[in-house]
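S.K.: Provided below for reference: sequence and predicted model.
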Amino acid sequence: MEASDQQEESRDVTASPQPRTISAAITLRAKARQWERTQDQAPLTSRFLRVPKRLRTAVLGLIAEEAAHGRAVLFAPIYMGLGAIIWFEAQVDPPPQAFLAGLVLFALGFLLKRDAGRLFHHTLFAGMLICLGMALAQWESWRVSTVMLDSAVTTTVTGQIERRESYDNGRWRYVVRVEATEKPSIRRAPQRVTVFVRKQAEPFDLGDRIRGRARLTPPAGPALTGLNDFAFSSYFNGIGANGFAYGTPELLSPSGDNAAGSLLDAADIWLAGLRNSIGDRIRQTLAGDTGAFAAALVTDERRAISKDTTEALRIAGLTHIIAISGLNMALSAGIFYVGLRYFFSLFPGVVQAWPTKKFAAFGALLTVTAYYLISGFGVSAERAFIMMAIMLVAVLFDRPSISLRNVALSAIVILVLSPSQVLGPSFQMSYAATLALVSGYSLWKRRRHRENILPRIRLLSPLLFVTRFFGGVMSTSFIGGASTAIFSIEHFHRLATYGLAANLAAMPVVSFIVMPFGMMAMLLMPFGIDGPFWKVTGEGLELVIVIAKTVAGWGGDITFGRQPGWLMPTFIAGFLIMSMLRTRLRHLGLLLLLSSVGVAAFGSGVPKPDLMISEDGILVALRQDDILATNRERPQAFIFEQWQKALVAAEHQPPTMLPTDSRLPQISKTDRHKRLSNEEQKAVRTAMEEALDRTMQGSFACQKGAWCVAVLENGAILVTIENAAYLPAACDTGSIVVTPIRLRLDHCRSGATLITGATLRKTGSIEMVLTSDKPITSAAFNNPQRPWTRHRTYDWRTGKFDAPIAKAPPVLDNSPVSDSDE
């Protein structure tokens, strides 16, 4: 090892403070201790009364010492992220004039009032960055300006393929840049949509122009209040609709005959094509889940892995291996860096004459850049690349590579580029793990060193290497898992308890087999001799899959319900204090963290709803303990699985399907405007009342394709209908009527609560806590006026956006008039 390396390893991971500032902090703390000694001689009562003053003096001394270490700059991304969160979580768009004026005023105060008190100066610094975060969020929203589809529609789409990804069941997912829609023509068409094509033997190439009939739907909102809003991520990813194709679309012209647009678009398509060809070659060399796993490590195409393997990796806590994150980037850069250093060590003259360490760092930087370019520019890959690039550039300039300043700098870069990521689980979990690991490394480097004779014994060197490796894996797995546990519970409502054991077994395989041989295979792929190396990589991945399925068989996947809204802010505040401070003040963060988790664990938690309605009105569920009774024999898995996790309800109770009744009128699904006679309405009401007598409380009885009835816990009657013709009978029978049809009325004349597709379009999913007097209703959206929700208020007939939702909708006529979504 070079002398410069030894000097660098002896440094602390944080930047050195200014001597004058440190001296001032030490003097202040010395005076505080002297004052404490003089107060100890005072009477007991006097000392007791002066405890607050002593505590304040001690805290001020610790704060002065923290400021002396230059830790204020580490809070810059925190303030920027807080500003972005404030902008994104607001009910309406904050006026740009307000936070821009605040940004100017705080910036002028920060620059001109340098002689002000330290606390006041830091307050100006925080206010400036909070306003900057809001401005960046506003700018990103203006920059993307994604047009979101307003309602589901079946249309003929003509467009050019920009992305593609394979699934394990033979489906292909295409991102299509829309050029035209017809039959019907969408007045407010999105620029990009995702289209699934089933059972396509030969996929389309990137750049191909296609045309086909497709069913398009807007991106889904939260399945329940507070759950993930998929429309938010789709808006900032530029995707305005999702759908599936009827059959295989027609190829209009191949990619070679189509103009790629700008040079940047051409480069983007070329990189995407290179990425797809690499993934196809890997999957051709390695079959099944092994090939899909290897391709995911290189190109980030994870959907080709089977659901069983993906679920096993998730339960075992090994999903971080699939994602191109800090682990993959660090291993690829580390393998190249160490390998190049060992290669240069074979030539002592070169090592002595040239800075080979910087050459190796530059080569590793080129490696991770190439890795990022072929990885598909994913969110996790972007963060990992920025962090690794900053660390390698720090090596080039002889700066500490592992430090909290570098982590803060990478977070600032990401918040400037895409502040919307601050609300995503990937951003939060990756930075929580990185911050915890770097802070833990900082404490480890500052520990008191003790002499040990064991490293001097050569026979024990292999044993010490193995011990240190597994000790490092154990510590990093524990720290990373503990720091991200609350985020996993908040976003995914689950926690893998055996992740430590799985990582101890799998990480040696990934570190010594999968990544080294996979890197060699990638380097040799242009020469066509990568096959043997992929075979070795596949054997390693097979072993990882076996480990994942074995650990998953132990169980240990604990499901958690929705957590209180205050838990995440308090936990994050405690975590940041604990991991970013150096003095004893960091113990306050641990106290806040543990107390918040304890209160959430032993508190009453979030009240669980008794009735849930999906945002399209198709799926309705009743909850009793851990049982969810639905009005569908096969509920939509996308919605139902979110309900199960958020409500910790494992068992599904399907409806009781009633036999076909010859007395009832036969209405086809396409006949949406049929009116029933008085005799037919009476027959429907009679059939509903008889079904209520047959069903138990809290379960559904359904006439297939027509209606369902259920008796709620508070004695009310719930009726769901699939055709507007049954509306009069449903309003006369039930207390709550739900239909996915977009009716022009929003109340029953009988006084029953009417929830239609039109109202659900603006409110999103609805949940109710049933009480004896009046249900407590909560909607996903109170007023959908944000850029990623405003499409819910668009009326394609008038081409205008509706006014904000009124607080008290009027009671309209009960005639079963419906409108079409096309």
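M.R.: Great, that's in hand. Numbers count the residues shown, from 1 in each chain.
S.K.: residues in contact with Arg383?
M.R.: By CB atoms under 8 Å, 6 or more residues apart in numbering, the residues touching Arg383 are Ser325, Gly326, Ser410, Ile414, Gln421, Ser426, Phe427, Ser430, Tyr431. All C-beta spots, glycine's among them, are computed from the backbone N, C-alpha and C.
S.K.: where are the low-confidence patches of the chain?
M.R.: Filtered on pLDDT under 70, the chain yields the residue ranges 1-55, 68-70, 256-262, 326, 379, 448-460, 604, 668-673, 772-773, 803-822.
S.K.: state the distance from Tyr396 to Ala389.
M.R.: Residue 396: Leu, not Tyr. Distance of Leu396 to Ala389, given as CB to CB, to the nearest Å: 11 Å.
S.K.: confirm Gly170 sits in a strand?
M.R.: No. Read with DSSP: H, G, I helix; E, B strand; the rest coil, Gly170 is coil and lies in no strand.
S.K.: count the residues that sit near the closest residue to it other than its chain neighbours.
M.R.: Among residues not flanking Gly170 along the chain, Lys199 sits closest, at 5.1 Å (CB to CB, 6 or more residues apart in numbering). Using other CB atoms under 10 Å, Lys199 has 10 other residues around it.
S.K.: ok, Lys199 touching Trp172?
M.R.: No. In this structure, Lys199 is not within contact of Trp172 by CB atoms under 8 Å, at 9.3 Å.
S.K.: list the buried ones in stretch 142-156?
M.R.: Buried positions in stretch 142-156, judged by neighbour count with 16 or more other CB atoms under 10 Å: Thr146, Val147, Met148, Leu149, Asp150, Ser151, Val153, Thr155, Thr156.
S.K.: residues in contact with the fourth one?
M.R.: If you count contacts by CB under 8 Å, 6+ apart, Leu149 has them with Ile186, Arg188, Ala189, Pro190, Val193, Leu216, Thr217, Pro218, Gly240, Ala241, His791.
S.K.: same question, the first one
M.R.: For Thr146, the contacting residues are Pro190, Gln191, Arg192, Ser234, Tyr235, Phe236, Asn237, Gly238, Ile239, Gly240, Pro787, Trp788, by CB under 8 Å, 6+ apart.
S.K.: which of those residues lies closest to Ile558?
M.R.: Ser234 (30.0 Å; CB to CB).
S.K.: related to what we said a few turns ago, of the contacts of Arg383, which belong to helices?
M.R.: If you go by DSSP state H, the contacts of Arg383 have Gly326, Ser410, Ile414, Ser426, Phe427, Ser430, Tyr431 in helices.
S.K.: and those as TSV, adding distance to Gly109 and neighbour count?
M.R.: Converted to TSV, the ones in helices among the contacts of Arg383 look like this (distance: CB to CB, whole Å; neighbours: other CB atoms under 10 Å):
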residue	distance to Gly109	neighbour count
Gly326	37	22
Ser410	28	23
Ile414	27	22
Ser426	36	17
Phe427	30	23
Ser430	34	24
Tyr431	29	25
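S.K.: of these, closest to Ala107?
M.R.: Lowest distance from Ala107 to the ones in helices among the contacts of Arg383 (CB to CB) belongs to Ile414, with 21.8 Å.
S.K.: wait, that closest one touches Glu382, no?
M.R.: Yes. At 7.0 Å, Ile414 counts as touching Glu382 under the criterion of CB under 8 Å.
S.K.: now do the helices in the stretch 401-550 of the chain.
M.R.: For the stretch 401-550 of the chain, applying DSSP state H, counting those that start in this stretch gives helices covering 404-417, 425-445, 461-492, 499-509, 515-524, 531-553.
S.K.: got a list of what the closest residue in space to Leu743 that isn't next to it in sequence touches?
M.R.: Leaving aside its sequence neighbours, Leu743 sits nearest to Thr756 (CB to CB, 6+ apart; 4.4 Å). Going by CB under 8 Å, 6+ apart, Thr756 touches Gly617, Val738, Thr739, Pro740, Ile741, Arg742, Leu743, Leu745, Asp746.
S.K.: select only the buried ones of these in ChimeraX?
M.R.: Here is the ChimeraX command that selects the buried residues among those (16+ other CB under 10 Å):
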select :617,738,739,740,741,742,743,745,746
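S.K.: what's the most distant pair in the contacts of Arg383?
M.R.: Farthest pair in the contacts of Arg383 (CB to CB) is Gly326 and Gln421. Separation: 15.0 Å.
S.K.: the residue nearest to Ile766 when sequence neighbours are not counted pairs with what?
M.R.: Among residues not flanking Ile766 along the chain, Ile613 sits closest, at 4.5 Å (CB to CB, 6+ apart). The partner list for Ile613 in beta bridges (DSSP bridges) reads Val620, Ile766.
S.K.: brilliant, that's me finished.
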